[in-house]
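Q: okay, sequence plus prediction incoming.
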Amino acid sequence: MTVAVTGASGQLGRLVVEALIEAGERPVAIVRDPSKVADLAARGAEIRQASYDDPAALDAALAGVDRVLLISGNEFGARIAQHTNVLRAAERAGVELLAYTSIPRAEENPMILAAEHRGTEEVLATASVPTVLLRNSWYWENLAGAAAAAAATGVLRGALGEGRISGAARADYAAAAARVLTGDGHAGRVYELGGDQALTGPEIAAAIGAGVRYENLAEDDYAAVLRDAGLDADHAAVLADADTGTAKGFLEVTTGDLAALLGRPATPAAAVLGA
């Protein structure tokens, strides 16, 4: 069986490839720039070059592939078309399973981040290739920069309200994806994936360190804080909107799907964010 991972030079993709190698597979790592994954090639991965915008290159990259993980792209506004390119190439290649990294409750999630995931899932629903949705909640690493600042200042700011984040380490989601790619019985499944801890803002602050407190802000005020920290206006707006979506419950996941796929508890916040 040949398993491929798109976006394999990214933070999640690299971890999935590493998990597959550790499981005894010789995965195909599909990347735009092979020089970024020379270390994975040295460990046994087969490197194939393609971008989400190049159907011909995707056809070549997916030739002979049995299962593929489509890791969602990061070019906002272009992602549905790019993901569709990968899907169509997978169909032409006769891939037997395509897994896609999405977001919790994508069909109803109001976050800006969710819109293109929802659109992609709608395209995947028309696919001739069997699919599986990996709806990943937050990576604790997404909060690493804020945690470092909070450890230094004693204040973690956000717009989470009373909402909870069912976070996990990025490596947890990668390991779960590797299990799906190498296991059986996953076609047609929708996995709502989140950690065992569903933490509020004050609980995340406590996981960062003793003496760190959480300060809740309005969405616009939090976006201003993010801009002051150096983020561009669009990025700040997306992250502040994600906090508002969290306040509405859209990053709280209670299915237990992640722990079930891993066969162990997910990584706690303090292990990633603790000072």
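A: All right, it came through fine.

Q: secondary structure element for residue 134?
A: strand 131-136 (DSSP states H and E).

Q: excluding its backbone neighbours, what's nearest residue 190?
A: residue 133 (4.6 Å; CB to CB, 6 or more residues apart in numbering). No exception for glycine: its C-beta is placed from N, CA and C like everyone else's.

Q: now swap in residue 255 and tell me
A: residue 192 (4.5 Å).

Q: what's around the residue nearest to residue 190, how many residues?
A: Per other CB atoms under 10 Å, the neighbour tally for residue 133 reads 24.

Q: again with residue 49
A: Neighbours of residue 49 (other CB under 10 Å): 14.

Q: residues in contact with the closest residue to it other than its chain neighbours?
A: Once flanking residues are discounted, residue 49 sits nearest to residue 34: 5.5 Å by CB to CB, 6+ apart. Residue 34 is in contact with 41, 47, 49, counting by CB atoms under 8 Å, 6 or more residues apart in numbering.

Q: now do residue 34, the pLDDT please.
A: Per-residue pLDDT puts residue 34 at 97.

Q: do the one 3 residues further on as well
A: In the predicted model, residue 37 carries a pLDDT score of 97.

Q: do you know how far it is from residue 112?
A: 30 Å (CB to CB, to the nearest Å).

Q: re the thing from before, you'd agree the residue nearest to residue 255 is in a strand?
A: Yes. Assigned with DSSP: H, G, I helix; E, B strand; the rest coil, residue 192 falls within a strand.

Q: just the pLDDT at it, thanks.
A: In the prediction, the pLDDT value recorded for residue 192 is 98.

Q: and what of residue 44?
A: Reported pLDDT for residue 44: 95.

Q: just give the nearest non-adjacent residue to the most far-flung residue of the chain relative to its centre, would you?
A: Using CA atoms, centre = their mean, the residue of the chain lying farthest from its centre is residue 211. It sits 30.4 Å away. Distances taken as CB to CB, 6+ apart put residue 154 closest to residue 211, at 5.7 Å, once the chain neighbours are dropped.

Q: please identify which helix or strand holds residue 152.
A: Going by DSSP H and E, residue 152 is part of helix 144-153.

Q: how about that helix: buried residues?
A: Residues 146, 147, 149, 150, 151 are the ones in helix 144-153 that count as buried (16 or more other CB atoms under 10 Å).

Q: likewise stretch 186-200?
A: In stretch 186-200, counting by 16+ other CB under 10 Å, buried: 186, 190, 191, 192, 193, 194, 195, 196, 197, 198, 199, 200.

Q: cool, stretch 85-92 as well?
A: 85, 86, 87, 88, 89, 90.

Q: what strand or helix carries the first one?
A: Right, the one you point to is residue 85. helix 79-93.

Q: for residue 45, see how far away the residue nearest to residue 49 is.
A: 11 Å.

Q: find the residue closest to residue 249 in space, skipping its chain neighbours.
A: residue 163 is the one closest to residue 249 (CB to CB, 6+ apart), at 6.0 Å.

Q: dump the strand or helix carrying residue 235 to PDB, restricted to CA.
A: For residue 235, the host element (DSSP H and E) is helix 233-247. Extracted in PDB, the C-alpha atoms of helix 233-247 (Å, rounded to 0.1, in the frame of the first residue of the first chain):
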ATOM      1  CA  ALA A 233      -5.200  43.200  10.100                       C
ATOM      2  CA  ASP A 234      -6.600  40.300   8.200                       C
ATOM      3  CA  HIS A 235      -4.800  37.700  10.300                       C
ATOM      4  CA  ALA A 236      -5.700  39.500  13.500                       C
ATOM      5  CA  ALA A 237      -9.400  39.500  12.400                       C
ATOM      6  CA  VAL A 238      -9.400  35.800  11.700                       C
ATOM      7  CA  LEU A 239      -7.900  34.900  15.000                       C
ATOM      8  CA  ALA A 240     -10.200  37.200  17.000                       C
ATOM      9  CA  ASP A 241     -13.100  35.700  15.100                       C
ATOM     10  CA  ALA A 242     -11.900  32.300  16.000                       C
ATOM     11  CA  ASP A 243     -12.000  33.300  19.700                       C
ATOM     12  CA  THR A 244     -15.600  34.400  19.200                       C
ATOM     13  CA  GLY A 245     -16.500  31.100  17.600                       C
ATOM     14  CA  THR A 246     -14.900  29.400  20.500                       C
ATOM     15  CA  ALA A 247     -17.000  31.400  22.900                       C
END
